[in-house]
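# here's a sequence, model it:
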Amino acid sequence: VANEGGKHWTVNEVRALIRIWSDKNIQQQLEGTVRNKRIFEQVAARLQKFGIDRDWKQCRTKYKNLKHEYKSVKSAQDSGSTSKSMKFFHELDAILGHCTMEQASKSDNDESERPPEWTEAKSEKDSIG
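Numbering: from 1, shown residues only. Sure, this is the predicted structure:
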């Protein structure tokens with residue numbers, strides 16, 4: 001977003017961010033922690049390899065904005081509305097569609113499909129507080 005670090009993200013920059021985010025290793029790390037500066041430093045370093053100069057804060061902000069936008073589009077769709085959409089919905093759905101909280105509460109067998117380390121990571125996070 002324009003106020004965070006100046007310039008807007010280009011389509012290619014967002015695609016590169018999503019490509020890194022879709023890495024299972026990155027996803028698992030993000031699932032299991034709130035203090036995620038270190039993870040976004042890795043993401044920024046990987047973007048650098050694509051020639052994209054973004055710092056970890058910009059990456060985290062963009063990640064949060066995309067995730068928020070995705071969730072609002074997803075819940076609008078779930079309630080039957082087709083008017084809401086976003087540019088990278090399908091890419092994000094591939095990453096987030098399997099693990100959104102709304103879905104987990106709807107489906108009882110969802111928990112068994114998750115790798116065990118996710119569940120452990122979540123309970124560790126809760127105990128840190």
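
# check contacts around the closest residue to Asn36 other than its chain neighbours.
With sequence-adjacent residues excluded and distances taken as C-beta to C-beta, 6 or more residues apart in numbering, Asn36 is closest to Leu30, at 6.2 Å. (Glycine included, C-beta is placed from N, CA and C.) Counting by C-beta atoms under 8 Å, 6 or more residues apart in numbering, Leu30 makes contact with Trp21, Asn36, Ile39.

# out of those residues, who's nearest Ala76?
If you rank these by distance to Ala76 using C-beta to C-beta, Trp21 comes first, at 22.0 Å.

# count of residues packed around the closest one?
20 (other C-beta atoms under 10 Å).

# for it, what are its contacts?
Contacts of Trp21 by C-beta under 8 Å, 6+ apart are Gln27, Leu30, Val43, Tyr63, Ile95.

# remind me which residues of this protein are low pLDDT?
1-6, 98-129 (pLDDT under 70).

# looking at it, which helix is longest?
Counting residues, the longest helix found in the chain (DSSP state H) is helix 56-78.

# residues in contact with the helix or strand that that helix is followed by: which ones?
Downstream of helix 56-78, the next assigned helix or strand under DSSP states H and E is helix 89-96. Helix 89-96 has contacts (C-beta under 8 Å, 6+ apart) with Arg15, Ile18, Trp21, Ser22, Gln27, Leu66, Lys67, Tyr70, Lys71, Val73, Lys74, Met86.

# what residues of helix 89-96 count as buried?
Phe89, Glu91, Leu92, Ile95, Leu96 (16 or more other C-beta atoms under 10 Å).

# and the angle for it with helix 56-78?
100 degrees (axes from the mean of the first three to the mean of the last three C-alpha atoms, to 10 degrees).
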